[in-house]
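Undergrad: Dropping a prediction and its sequence here:
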Amino acid sequence: MIDSKISTTEAIFMIVTVIVAHTLSSLPQNLINNTKSSTIINLIYVGVIAILISYIIYRLLKNFGSEDIIDISEYLGGKVFKSIVGIIFIFYFILSSASLLREFCEGLHIVFFPMTSTIYIIIPFIFVMIINNLLSFESNAKTISVIFPVVLASVVFLFIGNLSHFSYENIYPILGKGFVNTFITGIGNIGAFGGISCLYFLPPFLKQPDKIKKICISSIIIGTIYLILAISTILLMFSIFVGAGQVLPLYSSARYIEFNTFFQRLESLFMVIWILEICCYLIIANRFSINIIKKIANLEGEKLLAFIVPIFIFGVSILFKNYATIKYFESSIDFYLIYFIVLFLGIGILILANLKKKKK
């Protein structure tokens, strides 16, 4: 039984935090490279699809009350199947968070600390994860609920502050490389909504499990609006540079903001806010990983896991050879992981479990 419970608003912020965190790395480049000048239209399109997917997940989850995907897996296939599913999700959370952490720290290394080894930049994030793992999940959620509105406001401010630098010719041709690329092959951009994976694990943590529908729909709508604002800022400012491999594109756009002589060189402030956002994402990945391990290993305490999971993330993050390797992983492998785990594995388990329950 989970003692720490979170509110509906906190749950929404957690899901959107996962979506937002990836926009601080190479995700904007991947999306724009996939659909070119039609990326904004494509995001509206895949956003609608993501809302439908989250609604399907809600419909399938509501028959199991406060159980998460691990509990449902045990109901469907027993303890062995539960362990297999749990290991797959742990693998996903650790690998995704490690790659994002390494890529973000590589960006910090290139932009701010060229004389410092990336490993030393990663280590403070590991300590943040360990410290937060020792706190309650409710405390983590409250921290995220304070930081996330600031992150969201920073992107809105970034969009408004750069209006004078927008080149609206960048959205032409409106359908980019054509209808097929925008609406058929472009559906691959659904990988930007990796936060949907959190929906499978939230029910046991919710104070009001009956509000799961509101959480599913609201989080994806907010995430879609955020993605459109963030990608529009980058696309309308320097799409050519993004295609050529711009490092930390949102940070690059922040360097152009000026409000008279009082507000200049605000990019450092933005970077501090986004570092906090990355920390929030890592906290979420850690928490879900720890909860999965506890369930498949039947553990009561989690103090030892509070150290083990961050160390695993650190170990995986330093396995990536260089920035190019991480970008390849983010643009290719990570997207396929999201398709397999979020769309096929998760929904497949829920459908089969609902069929089993219906037969009984």
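TA: Thanks, I have the structure now.
Undergrad: where along the chain do the strands fall?
TA: Counting by DSSP state E, the chain has these strands, from start to end: 258-259, 263-264.
Undergrad: lowest-confidence stretch among these?
TA: Of all these, the minimum mean pLDDT falls on strand 263-264 (a mean of 56).
Undergrad: what sits against the closest residue to residue 195 other than its chain neighbours?
TA: Of all residues not flanking residue 195 in the chain, residue 18 sits nearest, at 3.6 Å (CB to CB, 6 or more residues apart in numbering). Just so you know, the C-beta spots here come from the backbone N, C-alpha and C atoms, and that holds for glycine as well. Counting by CB atoms under 8 Å, 6 or more residues apart in numbering, residue 18 touches 194, 195, 197, 198, 281, 284.
Undergrad: For residue 40, see how far away residue 18 is.
TA: Distance from residue 18 to residue 40, counting by CB to CB, to the nearest Å: 22 Å.
Undergrad: outside of stretch 98-117, which residues touch it?
TA: 21-22, 24-26, 118, 121-122, 125, 247-248, 251, 271, 278, 281-282, 312-320, 322-323, 326-327, 329-330, 334.
Undergrad: List the ones among the contacts of residue 18 that fall in helices.
TA: 281, 284 (DSSP state H).
Undergrad: Can you lay out the contacts of residue 18 as JSON lines showing distance to residue 35 and neighbour count?
TA: Formatted as JSON lines, the contacts of residue 18 follow (distance: CB to CB, whole Å; neighbours: other CB atoms under 10 Å):
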{"residue": "194", "distance to residue 35": "18", "neighbour count": "24"}
{"residue": "195", "distance to residue 35": "20", "neighbour count": "25"}
{"residue": "197", "distance to residue 35": "23", "neighbour count": "25"}
{"residue": "198", "distance to residue 35": "25", "neighbour count": "24"}
{"residue": "281", "distance to residue 35": "25", "neighbour count": "25"}
{"residue": "284", "distance to residue 35": "28", "neighbour count": "24"}
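Undergrad: Give me the below-cutoff pLDDT ranges for the stretch 201-350 of the chain.
TA: 239-247, 258-265 (pLDDT under 70).
Undergrad: And the helices in it, which stretches?
TA: For the stretch 201-350 of the chain, applying DSSP state H, counting those that start in this stretch gives helices covering 212-243, 249-254, 267-297, 303-317, 323-328, 334-338, 347-359.
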